[in-house]
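1. got a sequence here, can you model it:
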Amino acid sequence: MKMMMEEEIQNREKERKRREEELKREIREQEKHQKEIRDEMRQERETFRQEIEKMRQEKEKIKAEKEKLQIRYETEIARLMNIIENERQRHDKEREKREKEYVEIEGQYKTQIKEKDVKEREICDEMKRKREEWEKQKLDEKMRRQEEDEKRRKKDQRDWDEFNQRLKQEREKMEREKEDLKSKQEAKENSMNILFERMNREREELIKKHEEERERMKMMMVYDEQIQRLKSEMEGIIREKERIERERQKQLEELDKSLKEERNMKEDQQKTFEETLHIIQVQQEDELKRKRVEWREEYEREKEELNTICSETNDPLQVTAYRKLEKQYSKWSWSLRSAMLETENKLHNKIENETVHVVEETDLHRELKKTSEEVKKSMSEFFDKDTDADMVIRWKTSFEIKIQELQENIVSETKRKLNKILDQRDLKKKTDVQRTYNENTLYEKSKELAWKLKDKTNEVELKKEFDLFWEQSMKKIIKDTPAIKDIDVIRDAREILSDIYEGHLPVNYLKVSKDIFSVPSYSDYVKDKKISGFTRSFKDSFRSTKETLGYILSREDEAQIRALVLDVVQQTDKMIQSFNISKMGYNISYIQQLIGYIKEKLNEHEEGPGKYMFKKKFFIRLVLSICKRANNMITDQHRLFREANDPVIYVMQKKQKNYSIFQKHLHGAASAAIFGKIICEKLKDPIEQSVYKKTARDLADEMRSNCESLKGNRSNLEKHILKTLAEEEDFDKYMNYIHNPRDHFISFIRDEVSRYITDKFSVRVLPKMKENIKLLQQKIMKAAHESTEHVQVNSGDVGLWLKSFTQQLSDELIFSEKDLSGVKHDDVDDFKLLEDVIGQELFCITFDISSSFSTKTFPVKLDYILRPDELLIDHFCQCCWVQCPFCGATCTNTIENHHEDHSVAFHRMTENNGAYYSSTQNLCADICTNLVASDQHFNILDRTFKYRKYRKAGERFVNWSITPDPSELPYWKWFVCRFQKDLGKYYSKTFDGCGMIPDEWRKYSKLDAIESADQCI
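-> Just a heads-up that it's a prediction; the model follows:
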C-alpha cells in the first residue's frame, strides 16, 4: 500500500514537472510571439510615419503649386490689365487728337463766319443809313404835300363858298326880276353862260392840279419800288446767311457722325477685347475650379487617413479676429444701406412731384459716392491699424469684394424700386388728378357760396346752408367716384381656386387650417407619378394600394419640397411688395398672379427627376397659407390707399377745413390769407408722412446702435434668438426656427422693434418725431421767405412764388404745383401777408400732428415697407439662407448667391432635422462634424454614400464645407433632452437603439444652454 502511494506521488510529481515544462514552453512561445508583434507594430508605425511624412511633403508640393498657379494667374491678370490700360490710353490720345482737330476746324469756321458777319453788318449799316435818308426825304415830301393839300383845300373851299354866295345872289336877283324883267332874260342868260364858262374853267384848273398830284404820287410809287428792291436784296443776304448756317450745321453733323462712327468702332474693338479677356478669365476660372476639385479630393483623402484636419480658422485668436471683422462689415453695410435709404426717399419725393422722370444707376452711385468713400476709408484704417491687423489682412480682398457686391446690389435694387414707382406714377395719375379736382372744386364752390351769403349774419343759418351745400357736393362726388370697398384676400383666393377646378373641390380643401409651412412631413401631400407600360386595371390597383398605404418621402425629397416652399414664399413676398397696394390699390388680379406663379413653380418642380407629384390639396393649402400669411400686409396697405382715395373718407375729413375757409371768405379775409391757409391744409398730409418716414429711418439707425439684439451682425442676432427660444421653451417656435429660419428671423426682428418702440416711445421715439417736425417746419418757412424775396427781386407774380416754393420743398415733401390746380389765386399780390399766414397756420398744423403721436398711430400711419422693422429686415435678411443638408443649420454668409462654399460656425444634432437610421425608426443623435470624420453611410435616392465623401451625394451637398470639429454647443444637447418626447412625436420616430441619447447630455441645464449660445459670435 505504501509502495503504491509512493508511486502515485512520483507520478504526480512527474505530471507536475511536465506541466511546468509545458507552461514554461508556452510562456516562451508567447514572449516570442509578443516580441514579433512588437517588431511588426514598430515596423508599421515607422511605415505609417513615413507615409504621413510623404503625404505632408505632397501637401506642401500641392500648396506650392497652388501658390505658383495663383502667382501666374495674378501675373496674367496684371498683364491683361496693362494691355487694357495701354489700349485705353491710346484710345484717349486718339480721342484728344480728334477733339483738337475738331476744335481747330471749328475755330477756323467761326473766324470765317465772324468775317462774314462783319461784312453783313457793314452792308446792313449802309442800307440802314440809306433807308433813314429815304425815310427822311419821304417824310419831308409828305409834310410838304400835306401843306400844299391843306392850302389847296382852303382855297377850293373859299372859291366854292364865293361861288355859292354869288349863285345865291344871282338866283335871288333872277327871282325878283323874273316877273318884271322878262325882256332882260336873254341878257341874264348870257350872263349865266359867262358864269358857267368861268366855272368850267375853274373846274378844269382843279382837274389839272389833280393830274399833277397824281404824277407826284407815281414818283412816290417809284421810290417805294426802290425800297422794295433794297428789301429784296436784304432778304437775299439773309437767305444766303441761312444757307451758310445750314452748310455749317451740315458739316458739324457730318463731323459728329464721323466721330460717332470712330467712337463706335473703338467701342466695338473694346468690346471684342473685353470678350476675349472674359473668355481668358473663364478659362482660367475653369482651370482653377478643376484644380480646386483636385485639391478637394486630395483633402478628402488626407482627411480619411489623418482625421485631424480642422477648419481654416480653428485658432481661437483667428476666430476672434474674424468675428470682429464681421461686426465691422455689418456696420459698413448698414452705412451704405442707410445712405441709400435717404437717397431713395429724396428721389421718391421728386418722382411723385414729377421733377424726375428717369433714374439711372450712375445717379445713384453719385449720391452714394460720399458714403462709399467713407466706408473705404474706414476699411483701410481697420485693416491697417487694428490690433489684429496682421491676422485680418488675409481677408481684406474678400471683404472689399463683398462690400463692392453689396453696393452694386443696393444700387440695382433701389433703381428697380424707383423705376417701378415711375411706372406706377403714370398709372395712378388719373386717380390723383380726380382727388385733387374734388378737393379744389370744393374750395372754389365754398368760396362762391360765401359770396352769395355774405349779407347774412346768422351763424346758425350759415352753418345750415354750408351743411346743405356739403351734402349735395358729397352726393355728386360719390356718384362720379364710387366708394372703395373692403377686401377679403382669403375669399378671393378661394373663389379663384374654385374657378380653376370648376367647383369640383371638397369643402375641407378650402379651409384655412394649420399652414403648410409647419407640417413635419409632406408625404400626405404627394403621390407616385404615373407608371407607363402597365395595363389600366393594374395601374388602378397599384394606385389604390399606394393611396391606402401612402407615399413615403425620403429625407432628400422632404428637403427639396421644403426648399421649394421657402423659395415660393420669398418670391411671392417680393411680388406683393412690388404691387405697391398703398398707392395703386388692391385688385383681385394680384391674387391671380400669385396663384399663377405658385402653379408654375410646382409644375417646374414636378418636371424634375423626382418620383412623386403633388396632390391638389398641396397646391391649394400652399396658396391659402401664403394668402393668409400676406393678408395683414395687403389689408394694411389697402387701408392706407382707401384713406387717401375713397371720397367718402378723404372728403369728409376736409369738411371742417373747408368750413373754416368758408368763414374767412364770409368775413372778407384777404386773398393772400385764404391762399396761405389752403397751402397749409394741403401740406398737412405730406408733412405727417415725411415726419413718420424720417423717424422710422432714424429709429432703425438708433436700434442698430442701442438694441443689443440688433446692433451687431447676423450671428449676434441669432445668438439672441437662441437665448429667447431657450427662455420661452416653446417647441413650435423651435420647429419654425429649424425649418423656416428666415421667417423666424423676420418675426423676431418685428417683435424686437415693436418692444423697443413701446418701451421707449416717450424717451426716444417721441423726441425724434418732435425734432423732425420742427426741422421740417423751419425748412418750409425758409422756402416761403426765400420765395417772397425771389418774387420781389424779379417783380414776379403769385405763380412765380408758388413755383419757387414747391421746388425748394421737392426733396422733402410730396407737394407740387399740381396739388393746387383749380384753386384760383391770380389776385394774390401781398406776399408778405402770405408768408405770415403760412407761419401762423403751419404752427397750428404741426401742433395737431404732434398731438396725434402715439404708439398706436406710429405703425398705422406708415406704409408697410417703410416701417423700421422692414428696414432692418432688409438689412439682416438679404443674405444666404441655404441650410445644411444634414442638420438644417443656416449658412452664415452675408451675401445672397455667394460664390464660396456654404459653411456655419457650429452645426447641430441631425435629429433636429428629422434624420434617422435607415431601416429603423430611431432618430440619429449625432452631429455633422462628427459624422464626416466617421466611416458611417447615409442614403440619398436609393444610393449609399460615405459621410466622408458627402460632396458626391448631389447638388445639395457639393457646395457645403463641413469639416471634422470636436467642438459642440451644449445648447443643442440640452434641447434634445428637453424636447425628446416632442421631437419623437413630431417626426413619428424614437430615440432607441443607435439613437439612444447619451447620459452625459442630460447634465446640461437650461442656464448652460443659454450661456453656450454666446459662442455663436
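2. was I right to think residue 702 contacts residue 765?
-> No - Residue 702 lies out of contact with residue 765 (C-beta atoms under 8 Å); the separation is 9.2 Å. The way it works is simple: take the backbone N, C-alpha and C, and place the C-beta from them, glycine included.
3. quick one, which of the two is more surrounded?
-> residue 765 (24 against 18; other C-beta atoms under 10 Å).
4. break this protein into its domains for me.
-> 1-139+178-288, 357-479+650-667, 489-524+550-645, 669-860, 879-1016 (the TED database).
5. for these, could you give me TSV that also reports distance to residue 321?
-> Shown next, in TSV, are the domains of the chain (distance: least, C-beta to C-beta, whole Å):
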stretch	distance to residue 321
domain 1-139+178-288	22
domain 357-479+650-667	4
domain 489-524+550-645	33
domain 669-860	14
domain 879-1016	14
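6. lowest average pLDDT across these?
-> Among the domains of the chain, domain 1-139+178-288 carries the lowest mean pLDDT, a mean of 70.
7. which among the domains of the chain is found nearest to residue 342?
-> With C-beta to C-beta as the criterion, residue 342 lies closest to domain 669-860 of the domains of the chain, at 7.1 Å.
8. can you get me a residue count around residue 82?
-> Counted with other C-beta under 10 Å, the neighbours of residue 82 add up to 10.
9. so where does it fall, helix or strand?
-> helix 2-180 (DSSP states H and E).
10. which residues in the stretch 651-800 of the chain form helices?
-> 655-666, 671-706, 714-728, 731-739, 741-759, 766-794, 798-808 (DSSP state H, counting those that start in this stretch).
11. of those, which is nearest residue 577?
-> Comparing the helices of the stretch 651-800 of the chain by C-beta to C-beta, helix 741-759 comes nearest, at 13.2 Å.
12. now do the closest one: which elements does it pack against?
-> helix 555-579, helix 671-706, helix 714-728, helix 731-739, helix 868-877 (3 or more C-beta pairs under 8 Å, 6 or more residues apart in numbering; DSSP states H and E).
13. can you give me the buried ones in the longest one?
-> Which is helix 671-706. Applying a neighbour-count criterion of 16 or more other C-beta atoms under 10 Å, one finds 671-704 buried in helix 671-706.
14. now do the last one
-> Judged by neighbour count using 16+ other C-beta under 10 Å, the buried positions of helix 868-877 are 868-873, 875-877.
15. equivalent analysis for stretch 641-656, please.
-> 641-647, 650-651, 654.
16. measure it end to end?
-> Chord length of stretch 641-656, first to last residue, is 22 Å (C-alpha to C-alpha, to the nearest Å).
17. now swap in stretch 991-1001 and tell me
-> The first-to-last residue distance of stretch 991-1001 comes to 13 Å (C-alpha to C-alpha).
18. can you tell me what sits against it?
-> 911, 916-917, 920-925, 973-974, 976-977, 980, 983-984, 989 (C-beta atoms under 8 Å, 6 or more residues apart in numbering).
19. next, give phi and psi for residue 919.
-> phi 70, psi 10 (degrees, to the nearest 10).
20. neighbours of it, just the number please.
-> By other C-beta under 10 Å, neighbour count at residue 919 equals 7.
21. with the one 3 residues further on instead?
-> Under the neighbour criterion other C-beta under 10 Å, residue 922 is assigned a count of 18.
22. next: residue 723.
-> 18.
23. likewise for the one 5 residues further on?
-> For residue 728, the neighbour count with other C-beta under 10 Å is 10.
24. repeat that for residue 86.
-> Neighbour tally, residue 86, other C-beta under 10 Å: 10.
25. ok, now the one 10 residues further on?
-> Taking other C-beta under 10 Å as the neighbour definition, residue 96 ends up with a count of 10.
26. that one: what's it in contact with?
-> Neighbours of residue 96 in contact, by C-beta under 8 Å, 6+ apart: none.
27. from residue 90, how far out is it?
-> 11 Å (C-beta to C-beta, to the nearest Å).
28. same deal with residue 56?
-> When residue 56 is compared with residue 90 (using C-beta to C-beta), they lie 51 Å apart.
29. also residue 649?
-> 67 Å.
30. and residue 875, by the same measure?
-> In terms of C-beta to C-beta, residue 875 sits 45 Å off from residue 90.
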